[in-house]
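Asks: The following comprises the amino acid sequence and a computationally predicted model.
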Amino acid sequence: MQEVNPKSRRHLLHGGFLLVVGLFILGSYISIGPDVGGGVEEFQVGAGVGVFLVLLGSVIVWGGKDFFSRNSTTLEYYESIVIALGIALTARTFAFEPFKIPSGSMIPTLLVGDYLFVNKFSYGYRIPYTQKRVFMGAGPHRGDVVVFEFPNDPTKDYIKRIIGLPGDEIVYQEKQLYVNGTHIARTELGPYEYFGESGIRQYTTQFSEVIDGKPHTLLVDKMTFGGMPMRTVVPEGRYFVMGDNRDNSNDSRYWGFVPEYRLVGRAVALFWSRNDNPITWWNPISWWNSVRWGRLFTSIQ
């Protein structure tokens, strides 16, 4: 019986691997269902990577046999790079993804210039090309800090705190929060100042609040109008979110609910944080002073 040279099948292994990774990456950006009119959403950069991997994998499967049957240094380098990139892309797609905080809607919990990891395993994984999510464990909880695709523009990622679960009644009146008829009490911690996105110093008050046993801090501007009273019931498959910077957050109070399939994952920890202090490249002291060292590798409450 004639033996089959393992090298003659290496192109199938490599090409198939790239095809599968590319298809799964595409599936995380493409959603077909009633909320998007049964169509395909706008591609992002990550989706472009998925298309490239699918095309490259197809070329290798159908035309790479001769190349992968050789013994060459170039092939060894290629295999090492592809395996490393494949592992990195798979981890980013299914496990952890880094994000940067660009705005102040989650101050004081998250500051502009914070870099964090989002755990995608927390809420399971959305089945590729569908709006159905396979949850791991109990799913999202009140008080979780979550990253999600902005419903009005899925190419943008937002980060807020979950306040209401499906079926919850949410009331926000005179800057006081009620969930299912229960007032969410808060404790005043004192004044809090920060520079807004326009560079103007903002004067607010910091409070401590506990939602479902999860303590966190938030900001309230006592000098601004509390807005019209709001009462709503969260529909099935949706979540109500708010920013911790209550008077400076574009959240569910203004644009509605977050669909379940839009959830990306739960924010778990900071791995880097940098302030807006100017950096002089020839002065290492300015580099050091620009880093918020006390925030590095801290968990997100």
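Replies: Nice, I can see it. Numbering: from 1, shown residues only.
Asks: wait, doesn't residue 101 sit right on residue 109?
Replies: No: counting by Cβ atoms under 8 Å, residue 109 is not a contact partner of residue 101; they are 9.7 Å apart. Placement of C-beta: from N, CA and C, glycine included.
Asks: residues in contact with the residue nearest to residue 115 when sequence neighbours are not counted?
Replies: Excluding the flanking residues, the one nearest residue 115 by Cβ to Cβ, 6 or more residues apart in numbering is residue 272, at 3.9 Å. By Cβ atoms under 8 Å, 6 or more residues apart in numbering, the residues touching residue 272 are 114, 115, 291, 296.
Asks: Which helix or strand contains residue 272?
Replies: strand 263-273 (DSSP states H and E).
Asks: pLDDT of whichever helix or strand comes after that strand, averaged?
Replies: Past strand 263-273, further along toward the C-terminus, the next helix or strand under DSSP H and E is helix 284-290. For helix 284-290, mean pLDDT is 80.
Asks: Let the chain start at 40 from now.
Replies: From this message on, residue numbering opens at 40, which makes the last subject helix 323-329.
Asks: Mind pulling up the pLDDT for the residue nearest to residue 154?
Replies: Per-residue pLDDT puts residue 311 at 91.
Asks: Roughly how far does it sit from residue 248?
Replies: Distance of residue 311 to residue 248, computed by Cβ to Cβ, to the nearest Å: 27 Å.
Asks: Go through stretch 247-266 and flag the buried ones.
Replies: For stretch 247-266, a neighbour-count test (16 or more other Cβ atoms under 10 Å) marks 248, 250, 255, 256, 257, 258, 259, 260 as buried.
Asks: now the residues you listed as JSON lines including secondary structure and pLDDT?
Replies: Formatted as JSON lines, the buried residues of stretch 247-266 follow (DSSP: H, G, I helix; E, B strand; the rest coil; pLDDT from 0 to 100):
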{"residue": "248", "secondary structure": "strand", "pLDDT": "96"}
{"residue": "250", "secondary structure": "strand", "pLDDT": "94"}
{"residue": "255", "secondary structure": "strand", "pLDDT": "96"}
{"residue": "256", "secondary structure": "strand", "pLDDT": "97"}
{"residue": "257", "secondary structure": "strand", "pLDDT": "97"}
{"residue": "258", "secondary structure": "strand", "pLDDT": "97"}
{"residue": "259", "secondary structure": "strand", "pLDDT": "96"}
{"residue": "260", "secondary structure": "coil", "pLDDT": "94"}
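Asks: Among the residues you listed, pick out the one closest to residue 218, please.
Replies: Distance ranking of these against residue 218, using Cβ to Cβ, places residue 250 first at 7.4 Å.
Asks: Skipping its backbone neighbours, what lies nearest the closest one in space?
Replies: Nearest to residue 250 is residue 182, by Cβ to Cβ, 6+ apart, at 4.1 Å.
Asks: Equivalent analysis for residue 205, please.
Replies: Once flanking residues are discounted, residue 205 sits nearest to residue 275: 4.8 Å by Cβ to Cβ, 6+ apart.
Asks: and the protein, what are its domains?
Replies: Split into domains by automatic domain parsing, the chain comes to 45-133, 137-334.
Asks: could you dump those to a markdown table with distance to residue 340?
Replies: As requested, the domains of the chain are exported to a markdown table (distance: least, Cβ to Cβ, whole Å):
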| stretch | distance to residue 340 |
| --- | --- |
| domain 45-133 | 25 |
| domain 137-334 | 5 |
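Asks: hey, least reliable of the ones you listed by pLDDT?
Replies: Looking at those, the bottom one is domain 45-133 with a mean of 69.
Asks: coming back round to it: scan the contacts of residue 311 and report the most crowded one.
Replies: Using other Cβ atoms under 10 Å as the neighbour test, those are led by residue 153, with 25 neighbours.
Asks: ok, residue 137 - how many residues close by?
Replies: Residue 137 sits with 11 neighbouring residues when counted by other Cβ under 10 Å.
Asks: what about it, distance to residue 154?
Replies: In terms of Cβ to Cβ, residue 137 sits 6 Å off from residue 154.
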